[in-house]
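*Asks:* Task: produce atomic coordinates for the following.
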Amino acid sequence: MVVTHEKTGERVSVGVDLIMVRKIRDALDEFDVLRRNEADDQKSSASSATTTPARKGGDSVFDFVLVPLAHPRYERMFDLSSKTQPANGTRQLLNLSSRGSGAALGLSRGAPTGSLRSSRASARGGSGSGGSINPRDSLPNNITRQEPFTRPDVDLYTGEWMGAVLGKVSEWIRLDSIHDRVRSNAEEAFFQELAYAAHLSLRAAVVTAPIGGPSGGIANFGSCLNAALLRFPTLQIWLRLPVRVPDSFPSSRVKDGDTWELWNALRCMCDSHPNLGVALEVGALLPTAPGVLERWTAEPLHLMLLSTSAFQMNRHSFPVLSKPHQAFVKAAFRYQPQLAICHRLPPKILETQTVTRGYRLYIDYIAHMFGKQPVPSPQEQFCAKYHDVLIAPPKLLAPQQLRANSHVDAPRLIPALTLAAVEHDTAKYECYTNALHQSFVDRAAAAAGSVKGGLVVLALGGARGGMVNAVIEASKRPGAAALVAIHVVEMNPMAVQTLRSCAANNKEWSCVQVHQGRGFNAERSVGRKQVDVCVTDLLGALGDDELLPEWLETMAAAFKDDVVCIPSKFESFLAPLSSDALHTSLRDASFCARSTSDHPFDSPYIVCINRGSHVAPAQQCFSFSLPASSSSSLSSSSSSSSAEKPSYSQQRSLTFNVSESRVLHGFAGYFEAVLYKDLTFSTRPEATQTAGAGGPSQFALYFPLRAPVYLVHDTECTFELWRRSESARVWYEWAVTAPEITALHNVMGHSFSMTTSA
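*Replies:* Here you go, the predicted structure:
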């Protein structure tokens, strides 16, 4: 069912996994699955009648059912001597095997699910729409069949197939078999069922990954999977994997019960195809090693199957999850996968409840747990639309360059939606306001008894006025020095219009003067040695990716000898990142078509990372100190001590310790700034709980890798990053040098660079 959070409106859909379905229409009716006919499909899908608040289980319905595409015991054998099929139907041979659905595995195999009717029918070996035959009947082993191998598509409306049904490929299909004939026969059945799933326009087909049993390896399974992804481009294929298998389970592909390595091998064979996802099955066992479960957050987790064995019965005979299971499921809510209950109901529940009501107990518990999720802040709700959206960083072109290059598009400047996200970051502006107020108080104390006017403040990066409001708010607080003028410099000509409108219509902005573009001459417009306080919002995502050091160097003539810069120092931090979602987005043809770069992997991107996790903690990279007086130039941790104009080119080599096997897709950049004295502001993930932590508008700067790097557990990863400058350009270059050497990205700034000259 679609469970809706009463306060946030967030939703999660929940269904049930059935091992056998005799009649698909009866199954939808029995489990009260929401159905839409073809006429309903033409209506708007925004109807609130399809969602139910959490804990109101009496009004809710199941959202979908996961059903086999063919009868699970209909093990078809094909005439492989000829690939040409008869005109009157597919010639199939039925192998009457009594081994059922395959080797028993306590998580995904050998345990029937679904309605009690389906379970009893399976036990009787009754015939269903899939054409199964009771193996007890004394029939010859090979029987020529001319009937359809599964139910017809007219059993449901097209909209019901698409919205209420997920398909399962038969588990008896062993694409990894060591026997050539069995393997070839399995391939025919595999493509037959997926072809039918594509014909029905199902959202996805779930394929059980080969975990154990006699096998020739996963090579043929991966080959068939890859072929299916190419043959059926509109069909999503989700690999069903248990989050952990018992240690006693015999398998050469799973070590220590962890199935992530198997998933990664199959994903690599399919070249990270965008239509390949994970259907993760959560049973009674969870990995205990730290960081193992976190790896799944970076994967395309589309379906989470909660086994009834994962639940415990409380004293009131209701199913509940243990604390570790609760933590994992709650973390998964963030990525909004579909949830499904699978496997048999406990006998204790069947003694007092019908099958449908029994499964509803589990659904009600999930709804209760989802309803207790904390309400995100308004900033987090506003920025949710930016999750895993790659934003090209601003090119920082000068005004005359904008006029000369009419082809410059929106991603080269900061768009209005991004500026709106910045304005919603109240935590950041509160930190700036406190720092400004403290500096104003110190200025007032230093000027006591002397004949001195008010303060002249230079604000770099006005955006839509958030920093100006912070300056005005700080000047109103007790003990602050009075303001004489606020000079606002904004590079984006679109945002300048908003700033000038505020200055013309807001009385509190009467002392504000708005200046456009990086061609702004501080000494001519403000005056020599006139600025008391310089505050900037141009830290970007990495700290220096909006050329703050270079910009301030050109304005030093307007600073007083005792000028205060907010921030006074900042450092950039980098963390190795695993995110299949971001890597797939860069490979997507539609993204490459609209990208401003011919080499999308050779450009950094501003992104709010949601589906991704850090491989190791962030480490300090570049460091810059802003000027304390007009006579002191900006300094960097690698700048020369000579009297020449300082160079802000830097290079760092960072080595990270990797504790668990991961796939490295790139690096995420953050910054930490000292605003004033002991007041700081940070976007580092480790600092999210501190008072000076950044809000949701502080996105990371993502440095992608063309080819993902596989990192073995207990190894080291070395990353090289250069900040290079030449003439009027600044750009980044990066590469991985251990455990393997990758190509150098963005050589000589051929794909991405920032302009420094006006």
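
*Asks:* Surely Glu571 touches Ser623?
*Replies:* Yes - if you go by C-beta atoms under 8 Å, Glu571 and Ser623 touch, sitting 4.6 Å apart. Placement of C-beta: from N, CA and C, glycine included.

*Asks:* Just the C-alpha atoms of the host helix or strand of Lys560, please, in PDB.
*Replies:* Per DSSP states H and E, Lys560 falls inside strand 559-566. Written as PDB, here are the backbone C-alpha positions of strand 559-566 (Å, rounded to 0.1, in the frame of the first residue of the first chain):
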ATOM      1  CA  PHE A 559      40.900  47.700   2.500                       C
ATOM      2  CA  LYS A 560      41.900  49.600   5.600                       C
ATOM      3  CA  ASP A 561      45.000  48.500   7.300                       C
ATOM      4  CA  ASP A 562      42.900  46.900  10.100                       C
ATOM      5  CA  VAL A 563      40.300  45.500   7.800                       C
ATOM      6  CA  VAL A 564      38.400  42.400   9.000                       C
ATOM      7  CA  CYS A 565      37.700  39.700   6.500                       C
ATOM      8  CA  ILE A 566      34.800  37.200   7.100                       C
END
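
*Asks:* dump the residue contacts of the nearest residue in space to Ala618 that is not next to it in sequence.
*Replies:* Spatial nearest neighbour of Ala618, chain neighbours left out: Ala575 (3.8 Å); criterion: C-beta to C-beta, 6 or more residues apart in numbering. Going by C-beta atoms under 8 Å, 6 or more residues apart in numbering, Ala575 touches His614, Val615, Ala616, Pro617, Ala618, Gln619, Phe656, Phe667, Ala668, Tyr670, Pro685.

*Asks:* tell me the phi and psi of Glu294?
*Replies:* As for Glu294, its main-chain torsions (degrees, to the nearest 10) stand at phi -60, psi -30.

*Asks:* From Ala384, how far out is it?
*Replies:* Per C-beta to C-beta, to the nearest Å, Glu294 is found 21 Å from Ala384.

*Asks:* One more: Tyr335?
*Replies:* Tyr335 is 12 Å from Ala384, by C-beta to C-beta.

*Asks:* who's more crowded, these two?
*Replies:* Between Tyr335 and Ala384, Tyr335 has the larger neighbour count (other C-beta atoms under 10 Å), namely 18 against 14.

*Asks:* was I right about the more buried one contacting Leu301?
*Replies:* Yes - counting by C-beta under 8 Å, Tyr335 touches Leu301, with 5.8 Å between them.

*Asks:* Do me a favour and get the end-to-end distance for stretch 550-564?
*Replies:* 17 Å (C-alpha to C-alpha, to the nearest Å).

*Asks:* Can you give me the buried ones in it?
*Replies:* 550-560, 563-564 (16 or more other C-beta atoms under 10 Å).

*Asks:* From the chain's centroid, how far away is the longest strand that the chain contains?
*Replies:* As assigned by DSSP state E, the longest strand anywhere in the chain is strand 662-676. How far strand 662-676 lies from its chain's middle: 17 Å, per C-alpha atoms, centre = their mean, to the nearest Å.

*Asks:* Rounded mean pLDDT for that strand, please.
*Replies:* Throughout strand 662-676, pLDDT has a mean value of 95.

*Asks:* Quick check: what element follows it along the chain?
*Replies:* strand 679-682.

*Asks:* Just the buried residues of that following strand, please?
*Replies:* Quick answer for strand 679-682 (16+ other C-beta under 10 Å): Leu679, Thr680, Phe681, Ser682.
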